[in-house]
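Undergrad: requesting a structural model of the entry that follows:
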Amino acid sequence: MNLNSFKVGDSVKTGLTSQFLADYPLDTDYDFYIHKNNNFRLPAEDADIILIGPGTGIAPFRSFLAQRDATGAEGENWLFFGEQHFAFDFYYQTEIQEWLSTGVLTKLSTAFSRDQERKIYVQDRIKENASQFNEWLENGASIYICGQKDPMSKDVENTIIEVIASQRNISVEKAKEVLDQLEEQGKYQKDVY
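TA: A predicted model of the protein is given here:
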């Protein structure tokens with residue numbers, strides 16, 4: 001097996017699973033399973049969606065947007081994408097910008113954490129767009145989160161709760177109930193690892 005790597009600044013990066021497999025002893029059996037998330041699917045074509053996918057978490061959202069493009073779906077699509085560096089880590093940049101220019105992607109919010117002194121993450125972009133984010137939710141948008149479970153998905157969830165609480169002038173506990181209701185309705189879905 002070849003291990004591909006690339007340089008970012010002074011550090012060398014490899015894929016997490018690729019590095020694990022490269023370090024594993026040869027002639028060893030691997031036990032694994034594929035965890036299928038049957039609930040992580042697009043809603044109706046006219047439903048608005050908010051996609052939050054930092055890093056490789058963008059993968060399913062690329063297919064979501066491609067499907068919406070192919071079917072001419074009328075629902076609005078807002079993508080939050082984050083990574084370390086714009087120049088090296090903006091996965092599918094050309095495709096995403098094409099969707100933005102053709103209107104398939106209604107809004108794009110990016111967060112490249114290492115391109116400035118203060119680190120910026122997708123949850124910071126959610127806070128910056130709190131009013132519009134809440135408006136989308138009040139108008140029936142579904143939220144999808146994909147990517148690293150800890151700490152990203154927990155930080156994003158806490159930020160969403162904070163936004164709901166502040167924008168609706170309700171307690172954090174009530175805002176959590178709102179998010180729980182969205183989850184029960186299938187309008188808040190996570191595929192995190």
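Undergrad: hey, let's count contacts and neighbours off CA atoms from now on
TA: Will do.
Undergrad: I'd assumed residue 61 was in a helix, is it?
TA: Yes - under DSSP: H, G, I helix; E, B strand; the rest coil, residue 61 sits within a helix.
Undergrad: so what's the residue count around the nearest residue to it once chain neighbours are set aside?
TA: If the residues on either side of it in the chain are set aside, residue 61 comes closest to residue 51, at 6.8 Å by C-alpha to C-alpha, 6 or more residues apart in numbering. Per other C-alpha atoms under 10 Å, the neighbour tally for residue 51 reads 25.
Undergrad: sec struct for residue 51, please.
TA: strand.
Undergrad: tell me which helix or strand comes right after the helix or strand bottoming out on mean pLDDT in the chain.
TA: When the helices and strands of the chain are scored by mean pLDDT, DSSP states H and E, strand 6-8 comes last with a mean of 59. Counting by DSSP states H and E, the next helix or strand C-terminal to strand 6-8 is strand 11-13.
Undergrad: could you list everything the residue nearest to residue 61 pairs with in the sheet?
TA: On the basis of DSSP bridges, residue 51 is bridged to residue 79, residue 144.
Undergrad: quick one: secondary structure of residue 35?
TA: coil.
Undergrad: burial count for it?
TA: Residue 35 - counted by other C-alpha under 10 Å - has 6 other residues nearby.
Undergrad: count the residues that sit near residue 67.
TA: 14.
Undergrad: any idea which residue sits dead centre in this protein?
TA: The residue lying closest to the centre of the chain (C-alpha atoms, centre = their mean) is residue 53, at 1.5 Å.
Undergrad: so what does that residue have for phi and psi?
TA: Dihedral pair for residue 53: phi -140, psi 80, per degrees, to the nearest 10.
Undergrad: same deal with the one 3 residues further on?
TA: Main-chain torsions, residue 56, degrees, to the nearest 10: phi -70, psi -10.
Undergrad: which residues touch it?
TA: Counting by C-alpha atoms under 8 Å, 6 or more residues apart in numbering, residue 56 touches residue 147.
Undergrad: please report how far it lies from residue 163.
TA: 25 Å (C-alpha to C-alpha, to the nearest Å).
Undergrad: ditto for residue 70
TA: From residue 70 to residue 163 the distance is 33 Å (C-alpha to C-alpha).
Undergrad: between the two, point out the one with more neighbours.
TA: It is residue 163, of residue 70 and residue 163, that has more neighbours when counted by other C-alpha under 10 Å, with 22 against 10.
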